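**Student:** missing the sequence, but the structure's below:
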């Protein structure tokens with residue numbers, strides 16, 4: 001658990017400081033912790049069955065939010081990054097930024113699926129949700145408000161598409177955590193829709 005938090009802390013410090021690093025982070029309020037996932041595929045436990053497999057091995061995360069998507073969520077620039085999203089190895093990703101006091105990151109994790117977030121951690125809460133027709137986990141850090149919110153989508157066995165919303169101004173950080181997570185979920189839906197067209 002401490003190793004997982006160590007990884008998460010790195011992500012959070014960098015992402016929350018979009019100013020300092022541009023990697024997808026997970027920070028947030030306590031939410032309900034879902035049941036522990038059973039062993040097996042990432043669809044096990046409380047995650048709904050995956051409707052199809054959308055592998056992200058060679059996907060360019062900077063192409064997952066189209067120009068129209070970027071306009072809808074208020075960002076203007078897409079910058080490729082290597083991100084520390086899940087312990088074990090860096091993941092290719094993209095930092096989407098603008099001038100609105102917030103940003104987004106989109107990362108493609110190929111070495112660990114979303115069950116990683118629901119196996120239990122003393123420092124994060126993972127709430128099982130659905131993004132379109134795919135199971136996903138909303139990830140927040142326990143014990144705070146106004147922090148990042150991430151959504152990890154169960155796209156394939158051992159793989160996840162991870163989207164984070166990162167507030168960078170006091171105005172954004174003062175918004176209810178549910179609003180921040182709603183922003184992450186909206187962008188995750190856009191990224192998933194694009195991913196489906198690539199397969």
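**Tutor:** Thanks, I have it. Note that the structure is predicted; figures quoted are calculated from it, not measured. Numbering: from 1, shown residues only.

**Student:** who touches stretch 189-199?
**Tutor:** For stretch 189-199, contacts defined as C-beta atoms under 8 Å, 6 or more residues apart in numbering pick out 52, 54-56, 59, 61, 63-66, 69, 72-73, 106, 131-132, 134, 153, 155, 161, 163. From N, CA and C alone the C-beta is placed, and that goes for glycine too.

**Student:** what is the rounded mean pLDDT of that stretch?
**Tutor:** In this model, stretch 189-199 has a mean pLDDT of 93.

**Student:** are any of the contacts of stretch 189-199 buried, and which?
**Tutor:** Buried residues within the contacts of stretch 189-199, counting neighbours by 16 or more other C-beta atoms under 10 Å: 54-56, 59, 61, 64-65, 69, 73, 106, 131, 134, 153, 155, 161, 163.

**Student:** so who does residue 57 touch?
**Tutor:** Contacts of residue 57 by C-beta under 8 Å, 6+ apart are 108, 110, 159.

**Student:** and which of the buried ones among the contacts of stretch 189-199 is nearest to residue 92?
**Tutor:** residue 61 (6.0 Å; C-beta to C-beta).

**Student:** Next, the contact list for that closest one, please.
**Tutor:** 80, 92-94, 106-108, 191.

**Student:** Need the pLDDT of it.
**Tutor:** 98.
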